[in-house]
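Asker: Sharing a sequence plus its predicted fold:
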Amino acid sequence: MTARPLMKLTDKAVANLKPRPTRYQAFDEGCPGLSIRVTPTGGKSWVWQYREHVATTSGGYAPGKRTRFWTLGTYPALSLRDAHALTEKARSLLKTRGVDPAAGKREASTAQTFGELATDYLERRAKKYKKSWREDRRQLIADVLPDWQSRLVKTLTRRDVHALCDRIIDRGAPVAANRVLALVSAIFSYGMDKDWLDHNPAARLKKQPEQSRERVLTDHELVELWAVLESMKAVTAGATPCIPAMVARGLQFQLRTGQRGGEVFTMAWADVDLATGWWTIPAAKAKNGTTHRVPLTPAALALLAEAKAHGPADHGWVFAGRAGGSYHARATKAIALLRSAGLLTGDYWRHDFRRTIATGMTTAGLPSTIVNKVMNQQEGGPSVTKIYDRYTYDKEKRHALDTWGRHLDALLGVGSLGRVVPFPR
């Protein structure tokens with residue numbers, strides 16, 4: 001490849017690229033070969049330039065002579081972060097398996113590919129109707145698009161779907177395989193509605209058996225986890241922590257409030273009333289679609305004060321990154337990163353936090369009805385009751401989180417110790 005000028009592409013830099021009389025490309029110095037192509041009309045698309053890889057006598061793959069170009073997608077539908085993730089996945093597959101990401105496009109450049117269908121699905125369906133659309137996008141980038149980005153939609157078969165799921169199962173993630181199967185099936189169904197294809201190759205495929213998790217953190221694990229999160233917040237300048245300090249604060253806040261991780265890491269300052277000590281989760285963000293008021297204990301308010309003091313100026317997210325963006329995606333991997341670094345000994349995950357807190361509150365004698373109100377869990381019962389029961393349970397929720405907070409403080413050796421409620425082992 002010939003030498004070309006490089007620049008540091010950031011979200012702001014990409015957004016500020018202006019059209020010129022002729023088409024041009026801005027290459028990203030942080031991702032070799034990746035560029036953003038800008039047309040005279042202002043259209044922007046991501047392009048990866050690379051060398052084809054050919055099989056070697058040793059069984060591997062080495063760069064060949066021909067240069068290839070792969071159009072990943074258009075901006076802003078495909079963000080800078082997602083373009084980086086797709087490129088790195090494609091680079092890995094190219095080097096290890098010789099998979100050419102642009103092969104499908106060369107076969108039929110005007111045909112509709114799965115990558116195009118997936119983008120259309122995210123923009124027109126998932127983002128409008130699914131609170132979990134970011135998780136859909138993550139799964140696509142991690143497990144589907146590296147192999148299917150340029151595959152023609154109408155050529156994908158049930159065998160292809162089986163092969164996709166088998167690769168995920170073989171790495172020891174059967175539950176993730178089920179989620180990916182459900183996602184690609186939803187995308188194919190959407191494609192049928194839009195006349196992209198006439199059948200769903202993922203329909204009625206058998207899922208892997210799943211077991212409901214019952215994992216609850218022990219007192220020792222809670223203390224160990226809290227200490228590790230404190231150490232992540234105290235990393236000295238110049239050192240590189242396993243997870244950002246702001247992610248550590250968010251995880252501690254989740255342990256204090258018992259709310260869902262996605263709701264914590266998309267928490268906005270506009271939803272917080274520091275004066276009265278309440279956080280309102282809008283219905284649009286709440287998993288069950290119901291507006292939820294969360295009482296903030298003094299310890300939770302202290303974490304918010306830390307977040308405000310250490311976060312970037314003029315940002316909307318509470319647990320914001322340096323540039324003001326959300327840490328939602330990075331927080332999902334935080335426990336795995338801490339465990340892989342040898343800092344945590346337990347086999348729990350972030351999803352187990354809420355079960356641990358709920359168990360702690362019921363063990364302390366709080367009624368399950370109130371615990372469900374704290375957790376904003378969907379409850380059964382006659383629909384008429386749900387419609388007319390508009391009591392907010394604010395007083396009871398605050399008492400429940402105060403009770404949990406005293407237990408956690410006692411374990412950590414801070415504040416007024418009070419009575420320690422033992423957790424089930």
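Answerer: Looks like it arrived, so ask away.
Asker: What's the first helix or strand after the helix or strand bottoming out on mean pLDDT in the chain?
Answerer: The helix or strand of the chain with the poorest confidence is helix 383-388; it has a mean of 45 (mean pLDDT, DSSP states H and E). Sequence-wise, the next helix or strand downstream of helix 383-388 (DSSP states H and E) is helix 394-412.
Asker: Average pLDDT for that next one, rounded please.
Answerer: Average pLDDT, helix 394-412: 95.
Asker: Could you list the buried residues of that helix?
Answerer: 396-401, 403-411 (16 or more other C-beta atoms under 10 Å). The C-beta positions use only the backbone N, C-alpha and C, and glycine is treated the same way.
Asker: With stretch 276-286 instead?
Answerer: By 16+ other C-beta under 10 Å, the buried positions in stretch 276-286 come out as 277-281, 285-286.
Asker: With pLDDT, distance to residue 136 and secondary structure added, can I get those in a markdown table?
Answerer: Formatted as a markdown table, these follow (pLDDT from 0 to 100; distance: C-beta to C-beta, whole Å; DSSP: H, G, I helix; E, B strand; the rest coil):
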| residue | pLDDT | distance to residue 136 | secondary structure |
| --- | --- | --- | --- |
| 277 | 95 | 35 | coil |
| 278 | 96 | 31 | strand |
| 279 | 96 | 26 | strand |
| 280 | 95 | 26 | strand |
| 281 | 93 | 21 | strand |
| 285 | 82 | 16 | coil |
| 286 | 83 | 18 | coil |
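Asker: what sits against residue 41?
Answerer: The contact partners of residue 41, taken as C-beta atoms under 8 Å, 6 or more residues apart in numbering, are residue 19.
Asker: and it, how far is that from residue 18?
Answerer: Counting by C-beta to C-beta, to the nearest Å, the separation of residue 41 from residue 18 is 12 Å.
Asker: Give the other helices and strands that the longest strand seen in the chain contacts.
Answerer: Determined from DSSP state E, the single longest strand within the chain is strand 61-75. Packed against strand 61-75 by the contact rule (3 or more C-beta pairs under 8 Å, 6 or more residues apart in numbering; DSSP states H and E) you find strand 44-55, helix 80-97, helix 114-121.
Asker: Let's see that with 10 Å instead.
Answerer: For strand 61-75, the packing partners by 3 or more C-beta pairs under 10 Å, 6 or more residues apart in numbering; DSSP states H and E come out as strand 34-38, strand 44-55, helix 80-97, helix 103-107, helix 114-121.
Asker: Return the set of buried residues in the second one.
Answerer: It refers to strand 44-55. By neighbour count on 16+ other C-beta under 10 Å, the buried set for strand 44-55 is 44-50, 52-53.
Asker: Mind picking the two most distant members of those?
Answerer: Across those, the longest distance by C-beta to C-beta is 27.9 Å; it joins 44 and 53.
Asker: how is this protein carved up into domains?
Answerer: 1-97, 102-211, 219-412 (automatic domain parsing).
Asker: What ranges in the stretch 101-250 of the chain fall below the confidence cut-off?
Answerer: Residues of the stretch 101-250 of the chain that meet the criterion pLDDT under 70 lie in 103-111, 212-213, 236-240.
Asker: Now for residue 287, how many residues are close by?
Answerer: By the criterion of other C-beta atoms under 10 Å, residue 287 has 16 neighbours.
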